[in-house]
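# got a structure for you, letters missing:
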């Protein structure tokens, strides 16, 4: 009987995971690319995907991690063909995951474009539980888009929408080792925005009473195994 129950539970969890996958894919299929393109490459990939993202009830943010942007800008290995006559944002994501070392993972409501070098489990320390709970309950209704933005740009675009001060402050040398941020978010909670910043900038964060302090994430991932692209 226990084995039967366990098998049933595994089946339910698997079905739930597939449902989430179907949901985010269906949402992206409703978003046409805002500029015609037959190839994703260093010159167009990030801005094209970010600017094509539309508000919806399933996917609240599209995030490029540092591993993904390194593939695009530093290693210059991204050249993904789009074969559909009128490609959608889903077609673009599928092309990346089938033809490059970039992968897609949905952590509801965040869709993360990453490589094996990135850590997707955000390290968040809650020194003030009350503040953390408020951040989880408060929504940001505005759309926020950052493309290759430094920490000062994050302050300018995000700081006014969260109810804690972001640290380091603008212009601080403590942010010089943060990665540049590329993401679009629409309708996330303040807590999800902090997670988005951590994923995009490869940082961890600590929630205090009045501030949230970001620090570089020192974890090292595994470089993509060259020779065969991940087929999803």
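Arrived safely. None of the values given here were measured: they were computed from a predicted structure. Numbering: from 1, shown residues only.
# which ones are touching the most centrally placed residue in the chain?
Centroid check for the chain by CA atoms, centre = their mean gives residue 63 as the closest residue, at 2.5 Å. Each residue near residue 63 by CB atoms under 8 Å, 6 or more residues apart in numbering is listed here: 110, 111, 112, 113, 182, 183, 196, 199, 200. C-beta here means a position set from N, CA and C on the backbone, and glycine is covered the same way.
# residue 35: which of these is nearest?
residue 182 (16.9 Å; CB to CB).
# in a strand, that closest one, correct?
Yes - using DSSP: H, G, I helix; E, B strand; the rest coil, the secondary structure at residue 182 is a strand.
# so how far is residue 108 from residue 139?
15 Å (CB to CB, to the nearest Å).
# any idea what the residue nearest to the centre of the chain is bridged to?
Beta-bridge partners recorded for residue 63 (DSSP bridges): residue 112, residue 183.
# distance of it from residue 99?
From residue 63 to residue 99 the distance is 20 Å (CB to CB).
# kindly report the same for residue 165.
Going from residue 165 to residue 99 by CB to CB gives 42 Å.
# quick one: which of those two has more around it?
Set side by side, residue 165 and residue 99 show more neighbours around residue 99, with 19 against 13, by other CB atoms under 10 Å.
# that one and residue 81 touch, don't they?
Yes - assessed by CB atoms under 8 Å, residue 99 is found in contact with residue 81 at 6.7 Å.
# which residues of this protein score low on pLDDT?
1-21, 228-232 (pLDDT under 70).
# at 50 instead, please
1-19, 231-232 (pLDDT under 50).
# quickly list the domain ranges of it.
Domain ranges of the chain: 2-114, 124-216, per automatic domain parsing.
# residue 227: which of the ones you listed is closest?
It is, among the domains of the chain and with distance given as CB to CB, domain 2-114, at 10.3 Å.
# tally up the residues packed near residue 223, please.
Count around residue 223 with other CB under 10 Å applied: 11.
# state whether it and residue 77 are indeed in contact, as I suppose.
No - using CB under 8 Å, residue 223 is not in contact with residue 77; the gap is 11.9 Å.
# which residues in this protein form strands?
For the chain, the strands defined by DSSP state E cover 39-40, 61-64, 80-81, 103-107, 110-114, 124-126, 143-149, 165-167, 181-186, 203-207, 211-216.
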